[in-house]
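Asks: Provided below for reference: sequence and predicted model.
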Amino acid sequence: MDEKPQALHEAFPEHAEKIKYLQEQDPEFKRRADEFHELSRAVHRAQMHEEPVEEVAVDELRKRRDLVKDELYRLILL
């Protein structure tokens, strides 16, 4: 399954304004959002074979991305 890189506001469109606010005001949230973006791009590049990566590594990238996404969602709901 090929996934396009997903922006955080696309993952949680109903929270787009709060995401923007948190990225501007909360350095830790911004750091985690940047990490999510990089992981999302890495998954996409691996799936598009832009970088040689074993399937196990792609699965690990997905797991890390999903963990960061869950953490960000928790912060959004605070």
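Replies: Sure thing, it's come through. No experiment lies behind these values; they were computed from the predicted model shown.
Asks: In which helix or strand does the nearest residue to Val53 once chain neighbours are set aside reside?
Replies: If the residues on either side of it in the chain are set aside, Val53 comes closest to Ala46, at 4.1 Å by C-beta to C-beta, 6 or more residues apart in numbering. Glycine gets a C-beta too; all of them are placed from N, C-alpha and C. For Ala46, the host element (DSSP states H and E) is helix 27-47.
Asks: Over to Val68?
Replies: helix 55-77.
Asks: mean confidence score for that helix?
Replies: The average pLDDT within helix 55-77 is 94.
Asks: How far does the helix holding Ala46 sit from its chain's centre?
Replies: 4 Å (C-alpha atoms, centre = their mean, to the nearest Å).
Asks: From Glu60, how far off is Glu35?
Replies: Here the criterion is C-beta to C-beta, to the nearest Å. By it, Glu35 lies 14 Å from Glu60.
Asks: related to what we said a few turns ago, could I have the helix holding Ala46 exported to CSV, CA atoms only?
Replies: Extracted in CSV, the C-alpha atoms of helix 27-47 (Å, rounded to 0.1, in the frame of the first residue of the first chain):
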residue,chain,number,x,y,z
PRO,A,27,8.1,24.1,21.2
GLU,A,28,7.6,20.4,22.3
PHE,A,29,4.5,20.0,20.2
LYS,A,30,6.3,21.6,17.2
ARG,A,31,9.2,19.2,17.7
ARG,A,32,6.9,16.2,17.8
ALA,A,33,4.9,17.5,14.8
ASP,A,34,8.2,17.9,12.8
GLU,A,35,9.1,14.3,13.8
PHE,A,36,5.7,13.1,12.6
HIS,A,37,6.2,14.9,9.3
GLU,A,38,9.7,13.4,8.8
LEU,A,39,8.5,9.9,9.6
SER,A,40,5.6,10.3,7.3
ARG,A,41,7.9,11.4,4.5
ALA,A,42,10.3,8.5,5.2
VAL,A,43,7.5,5.9,5.0
HIS,A,44,6.4,7.4,1.7
ARG,A,45,10.0,7.5,0.3
ALA,A,46,10.5,3.9,1.3
GLN,A,47,7.2,2.8,-0.3
